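Enquirer: below: sequence and its predicted model.
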Amino acid sequence: MTGGLPIDLILFAMVAAFLVLRLRSVLGKRTGFERPQGEAAPGLGQAPAGREAEAIAPPPSEAGRRAVPDPRSPVGQALMRIRGADPAFDPIAFLGGAEGAFRMIIEAFAAGDRGTLRNLLSDEAYAGFEGAIASREQAGETQRTELRAIHDMSIEAADLRGSVADITVRIVSDQVNLTTGRDGTISAGAEAVTEITDLWTFQRDLSSTDPTWKLVGTRPA
């Protein structure tokens, strides 16, 4: 992605800054991921009284598309513990940010955009994605991915270990995925639209000033 000095490096820095700003817009404090500046996190489970059910329950207009578990369920209780550690956390806003990250990640993977993936993935997850991109490049293959629709975003699991929170999201989407070889012939996938169900796990250290929830694992549902 880099080139000769000085113009290419300047352009790279501008692109990198834009990607960071875009990342913060979908996974930062304005979507409910980040604690307000200067506000200390209370002890676990000490979210403001009477707000837990409001924070967990989805509004009627989002039902069936962005779903969060019942606050009385084990997953719902875990989300409330996360809310207790970070009062700014909101499950519905989290799902909105997760959807934005999902779109960015699958587009970046198809394009071989390592810079975007580096910002959105944990070290281990990035290594797996980067290895797949490198193998594709060595084979002279090109991947095309079209995200046609996202039908469902739902929180399937949550956990809080110390200050580290993990949230697993079930994502049902319609996609077109195909890989072409050097000669342009399709080596994998097809032009047909396929419904794909994934489970993506995001993680964040709630004690960190970095508001980014990073992708730490993916698997088919």
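Expert: Noted; the coordinates are in hand.
Enquirer: for this protein, which segments count as strands?
Expert: For the chain, the strands defined by DSSP state E cover 66-67, 142-161, 164-180, 186-189, 194-205, 214-220.
Enquirer: can you redo these as CSV, where the extra columns are mean pLDDT?
Expert: CSV is the format used below for those (pLDDT from 0 to 100):
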stretch, mean pLDDT
strand 66-67, 92
strand 142-161, 95
strand 164-180, 95
strand 186-189, 86
strand 194-205, 97
strand 214-220, 96
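Enquirer: quick one: residue 203 and residue 210 touch, right?
Expert: No: the criterion here is Cβ atoms under 8 Å, and residue 203 misses it with residue 210 at 11.6 Å. Using the backbone N, CA and C atoms, a C-beta is placed for each residue, glycine as well.
Enquirer: more neighbours: which of the two?
Expert: Remark: of residue 203 and residue 210, residue 203 carries more neighbours, 19 against 12, as counted by other Cβ atoms under 10 Å.
Enquirer: out of the strands of the chain, nearest to residue 74?
Expert: Residue 74 lies closest, by Cβ to Cβ, to one member of these: strand 142-161, at 8.8 Å.
Enquirer: okay, buried residues for that closest one please.
Expert: The neighbour-count check on strand 142-161 (16 or more other Cβ atoms under 10 Å) flags 142-143, 145, 147, 150, 153-156, 158-160 as buried.
Enquirer: which one of those is nearest residue 182?
Expert: Closest to residue 182 out of the buried residues of strand 142-161 is residue 142 (8.8 Å), distances taken as Cβ to Cβ.
Enquirer: ok, residue 106 to residue 74 distance?
Expert: 30 Å (Cβ to Cβ, to the nearest Å).
Enquirer: out of these two, which sits in the busier spot?
Expert: Neighbours were counted for residue 106 and for residue 74 using other Cβ under 10 Å; residue 106 has more, 19 against 12.
Enquirer: ok, and the closest non-adjacent residue to the more buried one?
Expert: Excluding the flanking residues, the one nearest residue 106 by Cβ to Cβ, 6 or more residues apart in numbering is residue 145, at 5.6 Å.
Enquirer: mind putting the buried residues of strand 142-161 in JSON lines, distance to residue 127 included?
Expert: Listed next are those as JSON lines, based on distance: Cβ to Cβ, whole Å:
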{"residue": "142", "distance to residue 127": "22"}
{"residue": "143", "distance to residue 127": "18"}
{"residue": "145", "distance to residue 127": "20"}
{"residue": "147", "distance to residue 127": "24"}
{"residue": "150", "distance to residue 127": "26"}
{"residue": "153", "distance to residue 127": "26"}
{"residue": "154", "distance to residue 127": "28"}
{"residue": "155", "distance to residue 127": "26"}
{"residue": "156", "distance to residue 127": "24"}
{"residue": "158", "distance to residue 127": "25"}
{"residue": "159", "distance to residue 127": "23"}
{"residue": "160", "distance to residue 127": "26"}
